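# Would you be able to build a 3D model of this:
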Amino acid sequence: MKRLEFTALAAAALLLLAVPPASADLCVDCHKTVTPGAVNDWQLSMHSANDVSCSDCHGEGHTSAADVAKVSLPTPQTCANCHSEQVDQYTAGKHSKAWVVMNAMPTIHWQAPELIEGMKGCGGCHKLGYKSEEEIRALAADGHTYGNASCDACHTRHLFSVEEARQPQACQTCHMGFDHPQWEMYTSSKHGVRYRLKQLGILPEDAAAPTCQTCHMAEGNHAVRTAWGFLAVRLPMPEDEQWAADRATVLMGLGVLDPEGNPTGRLEAVKAADIARLDAADWQQERDKMLATCTECHAKSFAKGELEKGDGMIREADHLMADAIRTVASLYEKGIIEKPESYAYNYPDLLTFHDAPRPIEQKLHVMFLKYRMRAFQGTFHASPDYSLWYGWGEMKMALSEIKQEAAELAQH
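The predicted model follows:
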């Protein structure tokens with residue numbers, strides 16, 4: 001009896017062996033016809049060279065054209081199986097918060113779904129942030145199946161090249177345009193010009209020429225944090241009384257402080273999103289990291305002075321910005337224009353963006369998110385034209401327009 005049982009088990013095992021599991025060869029044979037570009041990229045990749053097969057990232061549920069819905073789409077946790085240090089760094093940095101930050105904007109749900117969930121607008125870049133399982137399922141149910149891996153925003157699939165992600169062009173898709181033209185600033189700076197000349201072979205390979213990654217991902221750290229954060233607001237308040245008052249006004253415009261100067265619920269959202277430095281030690285830690293990077297090429301005194309010029313430009317830009325915010329706030333206070341129902345306070349809300357109801361409030365939004373950003377970012381990125389003509393100069397003109405329009409409204 002025992003011999004018969006053993007024979008039956010052996011036969012079952014042989015039967016199972018006769019049905020091979022999904023393999024890279026099977027995937028390649030099919031996808032050479034279905035998605036030949038993806039196959040070619042994978043064959044060129046380090047994954048292929050190190051026997052990382054399709055099922056390692058996509059699971060073993062999908063084995064034929066009849067069960068495509070069973071394919072697994074990678075998330076950062078998938079990548080963490082092999083790249084845990086990099087994923088841990090990414091998790092601690094601002095890029096991982098991108099999806100949360102986007103959805104925290106007060107009027108984001110007013111936008112066309114193609115721009116957000118469809119990832120043809122804000123979602124196209126903010127997709128690299130972490131999403132909950134529920135969000136991923138909801139996106140997949142609506143046909144939005146890409147953008148969950150996050151890592152592939154820089155190491156594009158299926159090549160997943162480290163060398164690609166080290167190039168400044170890897171940052172270009174997202175860090176350009178209206179509110180953060182870092183690509184344009186960098187490429188027009190001497191840093192960017194020299195690196196492009198290196199890429200063209202005009203300058204020698206060992207010539208000093210930093211990339212975005214040199215400064216913002218020192219030693220390959222995937223956290224990508226900066227001293228001032230994206231919005232260039234920080235706590236505690238400065239000792240300079242004028243700057244402290246101006247920064248408080250900017251924080252009120254962001255809804256982080258109420259019109260009386262008290263913290264609001266948005267302050268917690270800012271903390272969670274890591275878009276501002278909220279204590280002196282955190283700010284200094286990031287500034288010290290940048291100084292260490294700058295001094296690889298420059299004298300410490302020079303590097304320190306250049307970074308302080310950026311701080312000074314934030315101070316000057318805040319003064320113009322605060323004047324504009326107070327001008328619009330006074331219109332609400334005096335009843336000259338009606339506060340929008342969606343605004344929590346009798347104060348302009350800078351985060352409503354282009355959904356602001358009137359031209360004067362939209363000019364305020366453009367002044368903050370476009371011109372103020374360019375004034376200080378251009379300084380930090382060593383791009384004089386962006387700092388002056390596309391930033392500071394535009395702020396001055398926008399402030400004049402806002403004041404004139406406010407005066408005209410007051411006369412009616």
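
# and residue 239, how many neighbours?
Neighbours of residue 239 under the rule other Cβ atoms under 10 Å: 7. Any C-beta I mention is one placed from the backbone N, CA and C, and that applies to glycine too.

# Give me the neighbour count for residue 66.
Neighbours of residue 66 (other Cβ under 10 Å): 8.

# Relative to residue 33, how far out is it?
For residue 66, the distance to residue 33 equals 16 Å [Cβ to Cβ, to the nearest Å].

# Just to be sure, residue 362 is in a helix?
Yes: Residue 362: assigned to a helix according to DSSP: H, G, I helix; E, B strand; the rest coil.

# Identify the residues contacting it.
Residue 362 makes contact with 354, 356 under the criterion Cβ atoms under 8 Å, 6 or more residues apart in numbering.

# Can you read off the pLDDT for it?
Reading off the confidence values, residue 362 has pLDDT 95.

# From residue 169, how far off is it?
33 Å.

# Buried residues of the helix or strand hosting residue 269, list them for me.
In this assignment (DSSP states H and E), residue 269 forms part of helix 265-273. Buried positions in helix 265-273, judged by neighbour count with 16 or more other Cβ atoms under 10 Å: 266, 267, 269, 270, 273.

# what does stretch 238-246 give?
Buried residues in stretch 238-246 (16+ other Cβ under 10 Å): 238, 243, 245, 246.

# Quick one: mean pLDDT for it?
Here the average pLDDT along stretch 238-246 is 97.

# Only C-alpha atoms, please: export it in PDB.
Provided in PDB are the C-alpha atoms of stretch 238-246 (Å, rounded to 0.1, in the frame of the first residue of the first chain):
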ATOM      1  CA  PRO A 238      13.200  85.500  11.600                       C
ATOM      2  CA  GLU A 239      14.600  88.100  14.000                       C
ATOM      3  CA  ASP A 240      14.100  90.700  11.300                       C
ATOM      4  CA  GLU A 241      10.700  92.300  12.300                       C
ATOM      5  CA  GLN A 242       9.700  93.300   8.800                       C
ATOM      6  CA  TRP A 243      10.500  89.900   7.300                       C
ATOM      7  CA  ALA A 244       8.700  88.100  10.200                       C
ATOM      8  CA  ALA A 245       5.600  90.200   9.500                       C
ATOM      9  CA  ASP A 246       5.800  89.500   5.800                       C
END
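
# Can you name the residues in contact with it?
237, 247, 315, 318, 319, 321, 322.

# name the helices or strands packed onto the host helix or strand of the last one?
By that I understand residue 322. Residue 322 belongs to helix 300-333 when assigned by DSSP H and E. The contact analysis (3 or more Cβ pairs under 8 Å, 6 or more residues apart in numbering; DSSP states H and E) places helix 300-333 against helix 241-253, helix 280-294, helix 359-366, helix 373-380, helix 393-411.

# Distance to residue 71 added to those, as a markdown table?
Putting the helices and strands packed on helix 300-333 into a markdown table (distance: least, Cβ to Cβ, whole Å) gives the following:
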| stretch | distance to residue 71 |
| --- | --- |
| helix 241-253 | 46 |
| helix 280-294 | 40 |
| helix 359-366 | 42 |
| helix 373-380 | 40 |
| helix 393-411 | 48 |
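
# which one of those has the most crowded surroundings?
Ranked by mean neighbour count under mean count of other Cβ atoms under 10 Å, those are led by helix 373-380, which reaches a mean of 26.

# Just the buried ones from the contacts of stretch 238-246?
The buried subset of these - by 16+ other Cβ under 10 Å - is 247, 315, 318, 319, 321, 322.

# So residue 212 versus residue 182, what's the distance?
For residue 212 relative to residue 182 (Cβ to Cβ), the value is 7 Å.

# Now list whatever residues contact both of the two.
Common neighbours of residue 212 and residue 182 (Cβ under 8 Å, 6+ apart) are 171, 175.

# what's the closest of the buried residues of helix 265-273 to residue 307?
Among those, residue 270 lies closest to residue 307 (Cβ to Cβ), at 22.9 Å.

# For the closest one, list the residues it contacts.
Contacts of residue 270 by Cβ under 8 Å, 6+ apart are 254, 256, 276, 278.
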